[in-house]
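>>> the sequence isn't on hand, but the structure is:
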Ligand code: TYD
């Protein structure tokens, strides 16, 4: 497989989606069908159906492990149906969130435990990991303030009504992931302006997935 698989990660409110959209519209012009985009949970019809179950505000009774299994199921379908076939065709695949999100949110946030969530996901991923992960680093309070400022009240989904402690645990788990995976995970300071974050992301991509950026 000589394509490249790049994932974007970070806590809520880090500006990940805004920067990602800007990057994708530029790359689409340059790469055309050599670029494939995906997101988790989701990425194709089956995985998007699973996403709807997970993020449904009505599903307040969902057990943490059920949730973790659904994320892993969605991931499996994303890998098998979307990501790997594109990599085999030498494409650049950019995915909004991947395994690290489960480790941080279900392992840390929901307190299932990072290593247990990692182990459970091995069934879904068979050890498959991104070539590069760009992590949007932002203090919990700053991220949550941004969310509160930017959104309309009908945007709130089930995960967003979690407590600040939940977000602190997510943040802590992400810090551990960054520390333990220095080769794969590159950090951008997401407290900067969107323009500066964007240019840091482009520099990282220029360095690590050069052939798609020239
Ligand atoms: P989304 O609306 O895509 O949020 P964002 O724009 O911040 O990425 O919702 C994804 C939510 O799902 C987000 O709060 C993180 C959560 N999530 C998990 O808890 N575990 C996972 O494995 C993944 C992929 C996402």
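Yep, it's here. Note that the structure is predicted; figures quoted are calculated from it, not measured. Numbering: from 1, shown residues only.

>>> now the helices: where do they sit in this structure?
16-31, 45-55, 64-77, 84-88, 99-102, 114-125, 140-150, 164-180, 194-208, 210-213 (DSSP state H).

>>> average pLDDT for stretch 183-190?
The average pLDDT for stretch 183-190 rounds to 98.

>>> got the buried residues for that stretch?
Judged by neighbour count using 16 or more other CB atoms under 10 Å, the buried positions of stretch 183-190 are 184, 185, 186, 187, 188, 190. All C-beta atoms are positioned from the backbone trio N, CA, C, and that covers glycine.

>>> what does this protein have sitting close to the ligand?
12, 17, 40, 41, 71, 96, 97, 101, 102, 105, 106, 159 (CB under 6 Å from any ligand atom).

>>> among the residues you listed, which pair sits farthest apart?
17 and 106 (20.3 Å; CB to CB).

>>> okay, the two: which has more neighbours?
A count of neighbours by other CB atoms under 10 Å puts residue 106 above the other of residue 17 and residue 106, at 27 against 14.

>>> need the contact list for that one.
Residue 106 makes contact with 64, 67, 68, 71, 112, 117, according to CB atoms under 8 Å, 6 or more residues apart in numbering.

>>> among the residues of the chain next to the ligand, who's most crowded?
Result: residue 102 is most packed of the residues of the chain next to the ligand (other CB under 10 Å), 30 neighbours.

>>> quick check: that residue vs residue 75, distance?
Separation of residue 102 from residue 75 (CB to CB, to the nearest Å): 7 Å.
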